[in-house]
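Asks: Sequence first, predicted model second:
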Amino acid sequence: MPDIRTFQYFANNQWHAPIEGGYLDSENPANGEVWARVPDCRKPDIDRAVAAAHSAFYDGPWGRMLPAERGRVLRRIGDVISKHAERLGAIETRDNGKLPHMITPGLKQDQWQVDSWHYYAGMCDKFEGRVIPAEAPNMHNYMKWEPFGVVAQILPWNSPLGTLIWKLAPCLAAGNTVVLKPSEQSSCSTLELMDVLLEADLPPGVLNVVTGFGATTGEPLIDHPDVRMASFTGGTAGGKAAAAIAARQVKPIVMELGGKSPQIVLPDADLDLAVNGIAAGIFPPGGQSCISGTRLLVHRDVIEDFTNRLVDTVKKARVGAPDDPATQIGPMANRPHYESVLRHITAAEKAGHRLLLDGRAACRERGYYIGPTIFADVPNGSDLAQTEIFGPVVSTESWADEDEVLRIANDTVFGLAAGIWTRDVTKAMRMADRIEAGTVYINNYFNAATQSPVGGYKQSGYGRENGWEGMRCFMQTKSVWLSTDPHQPDPFA
Ligand code: NAD
């Protein structure tokens, strides 16, 4: 029996055992063993964390701090994280199976998270107000940006530290204080991060972390009367429930939800580029990414060639334990999710979809492994094409006409991302305009950058993360009217 590490929750820069809840087990998905326990926080713990955040905003230094000074704190956070990147990455890999080099896609491990903190450190003092030329004589009217106060942040399990940075840095940069709840399935790297951040001298109460389930920790957190705003990343079902709670008190909430993103392959596409780009955008994280483009819409003239090449490319992938340097695809991040992906594959098979590559061949006795899985001839109306599986499972369907493929691409409740593969770039730009999605990739897929806003159309959410828009979501405007007229006529004379 391995040693089991027990984490506590974090409020007011101190660690606390749960007041009345117990602890939840955390498994290592590489072998299915419980390796850690995290608090199952309930209302009294949430009250404690929110009280700390409330006091840091209204009584503590954070609410009164000049933006440039806040920027210096955020810069320190980036520096401290850079020092401890390896330690944080190791916990994340152990807790949710993420391959070390994938913890933040596109960034080297030593730059991991750091650039985002530095970017928002620089933005703290860039939100300038305006003087408004209002149609009102003898009035000076100006607009200024203000934070909301205490913000609740709810995170998913697929990329704990990656999704955290997108929310946390801009929210603190805007001047809010935060109570954050990571997923019950993968809380450990977030708690470890709090230990690291103690070195950055963040004032007590500015950032607090409670752990537990959506219904018993997340809902009361969003519902707390001292929480002024919420930001939720997760599935569409959980997002709808969270939005309903926020609506009770007319609280603003930013929603970063699921997707079932289409990728359109035109007949003139460079098929090597398309196959490699599509495979790279789905399979290395095991399809456990919100923007995974798993609905492949391929022109009928090239679909056979395309699918043959795709199968040949991805069947070579080495599925295995994250600590094996030869591994190219790690495990599903937790047992319930692994079982859910397997159920979707079985259901698609039963529905009669043609299986070109069966990832169940990678399943092992211990750990949660599934390899790339490809289905052919999948009509867009089927469950397989419409449901977010969030695993390494793709469906392919052919099309003949551009208007038809745009209709199919948009025929989904989601609108997170889309891909277009063609040598005709002007045509691609015209098609991009007609796609209902927050991000469109042309001849590439899966890129993201701190500077570039991301978010969903339709049921994939509202609000944006990253870039200027990511910080703007955590601010509200105030309009101030100053009269320059010393006289106010009697209104009833
Ligand atoms: P989930 O919705 O089950 O849970 C997400 C978080 O919400 C967890 O912390 C959970 O405890 C909490 N939660 C659930 N119900 C809640 C409620 N009623 N009130 C308050 N909190 C609640 O999602 P998941 O399975 O953890 O994550 C996978 C999903 O996240 C996928 O759908 C994926 O597409 C999505 N996702 C979206 C983005 C994005 O940026 N759009 C990024 C990553 C993941």
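Replies: Arrived safely. Numbers count the residues shown, from 1 in each chain.

Asks: In this structure Asp268 contacts Trp421, no?
Replies: No: Asp268 lies out of contact with Trp421 (Cβ atoms under 8 Å); the separation is 9.3 Å. No exception for glycine: its C-beta is placed from N, CA and C like everyone else's.

Asks: neighbour-wise, which of those two wins?
Replies: Trp421 (28 against 14; other Cβ atoms under 10 Å).

Asks: Within range of the ligand, give me the residues from this structure.
Replies: Within the chain, the positions near the ligand by Cβ under 6 Å from any ligand atom are 154-159, 163, 181, 183-184, 213-215, 218-219, 222, 233-235, 238, 241-242, 256-259, 290, 388, 390, 416, 456, 461.

Asks: first to last residue in stretch 457-474, what's the distance?
Replies: When the termini of stretch 457-474 are compared using Cα to Cα, to the nearest Å, they are 19 Å apart.

Asks: whoops, stretch 193-213 was the one
Replies: Note: stretch 193-213 ends 20 Å apart using Cα to Cα.

Asks: Buried residues, it. List them.
Replies: By neighbour count with 16 or more other Cβ atoms under 10 Å, stretch 193-213 contains the buried residues 193-194, 196-197, 200, 202, 204-213.

Asks: Likewise for stretch 395-414?
Replies: Neighbour counts over stretch 395-414 (16+ other Cβ under 10 Å) mark 395-399, 405-406, 408-410, 412, 414 as buried.

Asks: quick one: low-confidence ranges for the stretch 351-493 of the chain?
Replies: Judged against pLDDT under 70, the stretch 351-493 of the chain has no low-scoring part.

Asks: Now do the helices in it.
Replies: 383-386, 402-410, 425-434, 467-472 (DSSP state H, counting those that start in this stretch).

Asks: next one: the stretch 51-200 of the chain
Replies: All helices of the stretch 51-200 of the chain, identified by DSSP H, counting those that start in this stretch, fall at 61-64, 67-83, 85-96, 114-123, 160-173, 188-197.

Asks: Pick the most deeply packed of those.
Replies: helix 160-173 (a mean of 26; mean count of other Cβ atoms under 10 Å).

Asks: Kindly calculate the angle that that one makes with helix 114-123.
Replies: Orientation of helix 160-173 against helix 114-123 (axes from the mean of the first three to the mean of the last three Cα atoms, to 10 degrees) gives an angle of 10 degrees.

Asks: How far away from the center of its chain is helix 160-173?
Replies: Mean-position distance between helix 160-173 and its chain equals 9 Å (Cα atoms, centre = their mean, to the nearest Å).

Asks: Next: stretch 188-195.
Replies: With Cα atoms, centre = their mean, you get 17 Å for stretch 188-195.

Asks: which residues touch that stretch?
Replies: By Cβ atoms under 8 Å, 6 or more residues apart in numbering, the surrounding residues in contact with stretch 188-195 are 5, 7-10, 26, 36, 38, 81, 87-88, 91-92, 94-96, 155, 160-161, 164, 180, 182, 207, 209, 211.

Asks: and the residue nearest the centre of the chain, what does it touch?
Replies: Nearest to the mean C-alpha position of the chain, by Cα atoms, centre = their mean, lies Thr163 at 4.1 Å. Thr163 makes contact with 155-156, 233, 256 under the criterion Cβ under 8 Å, 6+ apart.

Asks: In strands, which of the residues you listed fall?
Replies: Using DSSP state E, the subset of the contacts of Thr163 located in strands is 233, 256.

Asks: Let's have the contacts of Thr163 in TSV, adding distance to Leu482.
Replies: Shown next, in TSV, are the contacts of Thr163 (distance: Cβ to Cβ, whole Å):
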residue	distance to Leu482
Leu155	42
Pro156	45
Thr233	40
Glu256	39
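
Asks: Of the contacts of Thr163, which pair is most distant in space?
Replies: Leu155 and Glu256 (9.6 Å; Cβ to Cβ).

Asks: quick one: common contacting residues for those two?
Replies: With Cβ under 8 Å, 6+ apart as the test, Leu155 and Glu256 both reach 163, 233-234.

Asks: Just the buried positions in stretch 223-236, please.
Replies: Buried, per 16+ other Cβ under 10 Å, within stretch 223-236: 223-224, 227-236.

Asks: Between the two ends of stretch 260-276, how far is it?
Replies: By Cα to Cα, the extent of stretch 260-276 from end to end equals 19 Å.

Asks: Give me the buried stretch members for it, please.
Replies: Of the residues in stretch 260-276, those buried (16+ other Cβ under 10 Å) are 260-266, 269, 271, 274-275.

Asks: from the buried residues of stretch 223-236, which ones fall inside strands?
Replies: 227-233.

Asks: from those residues, which is closest to Ala174?
Replies: Looking across these and measuring by Cβ to Cβ, the closest to Ala174 is Met229, at 10.1 Å.

Asks: Is the closest one bridged to anything, and to what?
Replies: Under DSSP bridges, the beta-bridge partners of Met229 are Val151.

Asks: Could you report the separation of it from Gly175?
Replies: Look at Met229 and Gly175: by Cβ to Cβ, to the nearest Å, they are 12 Å apart.

Asks: Tell me the helices and strands packed up against the helix or strand where Gly277 lies.
Replies: Using DSSP states H and E, Gly277 sits in helix 271-282. Under the contact criterion of 3 or more Cβ pairs under 8 Å, 6 or more residues apart in numbering; DSSP states H and E, helix 271-282 touches strand 262-265, helix 303-314, strand 417-421.

Asks: Go again with 7 Å.
Replies: Secondary-structure packing of helix 271-282 (3 or more Cβ pairs under 7 Å, 6 or more residues apart in numbering; DSSP states H and E): helix 303-314.
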